[in-house]
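Chemist: Return atomic coordinates for the entry below.
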Amino acid sequence: MRRVVAMFCWTFLVWVLLTWSSMTETLLFGVVIAAVVAVALAPLGEAVRPWLLLDPRRSAIVLRLALVAARRVVAANLRLSWRIWAPGRPLRSGMVVAATHERSPAGLTAVGLLTSVIVDNQLVDVDRHGGQLQYHAVAAPDGDPERVRDAINGPVERLVARLTNGGDDAAGERRGSP
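Modeler: Below is the predicted model of the structure:
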């Protein structure tokens, strides 16, 4: 039952965000659709329970994660704008491989989505068992996969690890390390 309730909450949240309506009929229809989808998807496995965000430590980490992602999005957009306005700047775009310490499907999804929102890097491929992420980068950083991780996905990954471990950053690094 907990799976169904968690899936219902997430599905209804998506419905509200997509419709962005306060009309009673639309919301009631969304409740029905969310319930059907939740019942259909519940047998597939556990879903992150949205009420876990009520924990103040997790809420603080989510807020910090949102601020880090927003700061990196704004900085990347400004860099890209500068490249467009000053086309003479050298551009070293290409594919790079970044190491990852994250192993869980939810953690990899969060890291991939949040780092791909940043216009500089787009996640292309995930090697979960090899601990690598492949990105297309506008400005490809130099170095081995660990140095690329520090430049692209490391800051976001550390916060996601803290979120999945209830705030223990060191445990997240140990848990996911190869």
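Chemist: Next, the contact list for the residue most central in space within the chain, please.
Modeler: With the centre of the chain defined as its mean C-alpha position, the nearest residue by C-alpha atoms, centre = their mean is Ala110, 2.4 Å away. When the contact criterion is C-beta atoms under 8 Å, 6 or more residues apart in numbering, the partners of Ala110 are Val156, Val160, Leu163. Yep, even glycine has a C-beta here, placed from its N, CA and C like the rest.
Chemist: just Thr19 next, same as before
Modeler: For Thr19, the residues meeting the contact criterion (C-beta under 8 Å, 6+ apart) are Thr26, Gly30.
Chemist: confidence score at it?
Modeler: Per-residue confidence for Thr19 comes out at a pLDDT of 89.
Chemist: Over to it: give its phi and psi.
Modeler: When quoted as degrees, to the nearest 10, the phi and psi of Thr19 stand at phi -90, psi -30.
Chemist: Now do it against Leu113, distance only.
Modeler: Noted for Thr19: a distance of 21 Å to Leu113, by C-beta to C-beta, to the nearest Å.
Chemist: what do you get for Asn165?
Modeler: For Asn165, the distance to Leu113 (C-beta to C-beta) stands at 19 Å.
Chemist: Look at those two and report which has more neighbours.
Modeler: In this comparison of Asn165 against Leu113, neighbours counted by other C-beta atoms under 10 Å, the higher total goes to Asn165 at 18 against 12.
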